[in-house]
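Student: Could you work out the structure for the sequence below:
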Amino acid sequence: MNGSGSSSSVIAANAETDLRQQQQIFLHQQQQKQKQKDCVDNAALFASNGPATVSVNNSTPTTNTATATATATTLITTVHPHDVLCGRRGSNHYRGHDGNKFYRTVICEKQKIYFKYRSASTEAEASSGSPGGSNNANKDREEKSAIIQSVVDAVKNRHPPGRFLKAAPCNSIGSPTTTTQNPSEQPWVLLDRRDCLAKVGHALLDKADRLGLNQYKRQNKMMITNYTSNDILLGNGKKYKIHDGNHWYRELICSQQPSYDISEKLSKMKTQERMIFIQSILDKVEARSPPGRFLQIDCSDSNLWYQIEAKVARKKIRDDMKYRSRFLKMKFLKYGGTSSQQAMASSIVYKARKFSTNNDVTTPPISTQTETVKAKTTKENVVVIPKVVDPLLSKEIIIPSPSGGVANNLSTTTLVEKATADVREMMRLRTTAVTAQSEDLHVTSMLIQQQLQRQVTPQSQLERQMQLKRLKLDRRLIEHALQHRQTVHLRLVAQQQQDRHRRQHQQKQQEKLQRKKEEQINDIKLLELIQQEQDRHQLTQQLHLQRQQQQQQQQQQQQIEDQRLIRHQYQLEDQRLQKLQQQLEQEQRLQKFQQLEQDQRLQEFQLQQQLEAEQQRLCQQEFQLKQKLEHQQRLQNVNSSSNRQRLQKLEQQLEADTAIAQEFH
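Tutor: Residues are numbered from 1 along each chain as shown. I've put the predicted structure just below:
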């Protein structure tokens, strides 16, 4: 349960990321279309002149050309083999280009790594609620962007460097993009870095989606490593043609094709009946020993196979039946058949069904059954009218049964040829039967009139015999006359048909001549329109060049005026700066002088304070010395002799102190 929930969350995250990327790609394409609309006229001018490289500026010029930002579209006519031509084209010029081949190989090399980071990033986004999930998602995004950049660098690092080119948009008459698909004969637009990255990311995303689908199939289906000779391998190439199971399957399709085709046209097979017929073929494949299977190779690993679903297998059988029928029709037309014969052969079954009552009854070949009763005289002298049976209303028509063995043994070409011959024979017999029936009615009416005229008076036996002989002779003469009349009628019909065909041929020839004249007139008108368009392009080009020259002159004059104004402003600025410098110098001098005065005042103040402090200290010392002298004098009086020496020392010390104080002052 946890694994299924995680896989569903991963698939949902993949879908969301794909949707966001597709939205970004769509917005980018809309922007590119808007840009391309602006350069359509310039591309048309380029197509009429054909320069080597032209840069078309979409923005208007500004006064300051150095800081102006203008988006430019570069048109290129020379394409080298290393360029990558962008676009979905079916021509071999694009698929067989060397640059596109190299680009596809690089994409195939990088797609598995890209898918690995893509699946990891989706899982990280799904678990972004957990700690560290957002950091892992950011790392995976960086890795994916690095892979995309590596593909672009691989193309651009070749020698000479490769470029990503796109066909130049142009809707004018006679433009190269509408007249040819050869890359060397049409202009191209150089894509910028953003478009290149978007192109590579889209290609890797497409391949990664296919890898993800295959991985989902591998997870939900059992993979097969060894296949048997009864299995049917889906694919193209010699390996699939020589496989025994494929060979048996082709023979089965060829044997069942006539029954499928004829029964489908006979009964207008409904979808349910068609599916039953296809299911019978699938049952025959599965009834083999060992049972046959429809196997598809895995894109990621060439050694792994997986069995396709029954629905896909039935679609495969139906497509093979349709392809086989188309192949036989083309072969019929190739070997002598015409479109009218093909139409007649395709409608034979419908006509046979229309004039038949039982599709399952097979009778001998078609033959005209005309029951002629001889005209004879009876007692009542009655003449019997001959009967004519319409061959198309008879049941003698061969209709192959859907499950019959004859249809399986005959080839489709023989059936078609036989059907066309039967249709022609039936139409011929129908016309002859109708004409003969009308003529016989006319003859019988004449005989009845003669018989009534001869019944007026009774006659003898001899006269009756003579009358019978006359009647037989008259009948022979009438039959001969009718045959002669029929041959003349057929000749007249053939002559009328020839005349009709001749008139139709002449009418067709006249129509062809008239069409040729109209085409010539249209060509002349088209050439005139093209010439007018070219003249208009030349005039527009001249006007465009004149406008460019005028704009350049205006820009030059504007630049000169701007330079003159800038010089004048520079001069004024220089003068103002010089005055400011002088004022600054004076102010600096004043500041220096004031600073010096302040310093001198501070020094004087400090010296005065020091002097006052020294005077106080000296006064204190004098006071102390005086006290000492007084004390010493007192002591001298007591000890005059002992203290005399001490007094002398004190006097010396006092003198030294006074000397030091004087020196200090």
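
Student: Quick check, R274 in contact with K315.
Tutor: No. The criterion here is CB atoms under 8 Å, and R274 misses it with K315 at 11.8 Å. (Each C-beta comes from the backbone N, C-alpha and C, glycine too.)

Student: So these two - more neighbours on which side?
Tutor: Here R274 and K315 are set side by side on neighbour count (other CB atoms under 10 Å), and the busier one is R274, at 16 against 13.

Student: Point out where the stretch 51-200 of the chain drops to low pLDDT.
Tutor: Confidence mapping of the stretch 51-200 of the chain against pLDDT under 70 gives the ranges 51-74, 88-93, 118-137, 170-185.

Student: 80 - rerun?
Tutor: Scanning the stretch 51-200 of the chain for pLDDT under 80 picks out 51-75, 77, 87-96, 111-140, 168-186.

Student: which residues of it fall in strands?
Tutor: Using DSSP state E, counting those that start in this stretch, the strands assigned to the stretch 51-200 of the chain run over residues 53-57, 72-76, 84-86, 164-167, 188-190.

Student: Against which helices or strands is the third one packed?
Tutor: I take that to be strand 84-86. helix 98-126, strand 164-167 (3 or more CB pairs under 8 Å, 6 or more residues apart in numbering; DSSP states H and E).

Student: hey, which of the ones you listed is tucked in deepest?
Tutor: Per-stretch averages of neighbours, counted by mean count of other CB atoms under 10 Å, single out strand 164-167 among these, with a mean of 20.

Student: what does that one rub up against?
Tutor: By CB atoms under 8 Å, 6 or more residues apart in numbering, the list of residues contacting strand 164-167 from outside reads 76, 79, 83-87, 152, 155, 177, 186-191, 195-196, 199.

Student: swap the cut-off to 7 Å and go again
Tutor: Strand 164-167 is contacted by residues 76, 79, 83-87, 177, 186, 188-191, 196, 199 when judged by CB atoms under 7 Å, 6 or more residues apart in numbering.

Student: Just the buried residues out of these, in PyMOL syntax.
Tutor: A single PyMOL command is used to select the members of these judged buried by 16 or more other CB atoms under 10 Å:
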select buried, resi 76+79+83+84+85+86+177+186+188+189+190+191+196+199
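
Student: which residues touch L304?
Tutor: Residues in contact with L304, defined by CB under 7 Å, 6+ apart, are 223, 225, 298.

Student: What distance do you get for D562 to Q575?
Tutor: 21 Å (CB to CB, to the nearest Å).

Student: my bad, M222
Tutor: 93 Å.

Student: Tell me which of those two has more neighbours.
Tutor: Neighbour comparison, M222 and Q575: the larger count goes to Q575, with 10 against 7 (by other CB under 10 Å).

Student: Any stretches of the stretch 301-450 of the chain with poor pLDDT?
Tutor: In the stretch 301-450 of the chain (pLDDT under 80), the answer is 301-303, 323-450.

Student: give me that answer again for 90
Tutor: 301-312, 315-450 (pLDDT under 90).

Student: right, and the helix or strand after the helix or strand hosting L468?
Tutor: Element membership of L468, judged by DSSP states H and E, is helix 461-638. Remark: after helix 461-638, the chain's next helix or strand is helix 640-664, criterion DSSP H and E.
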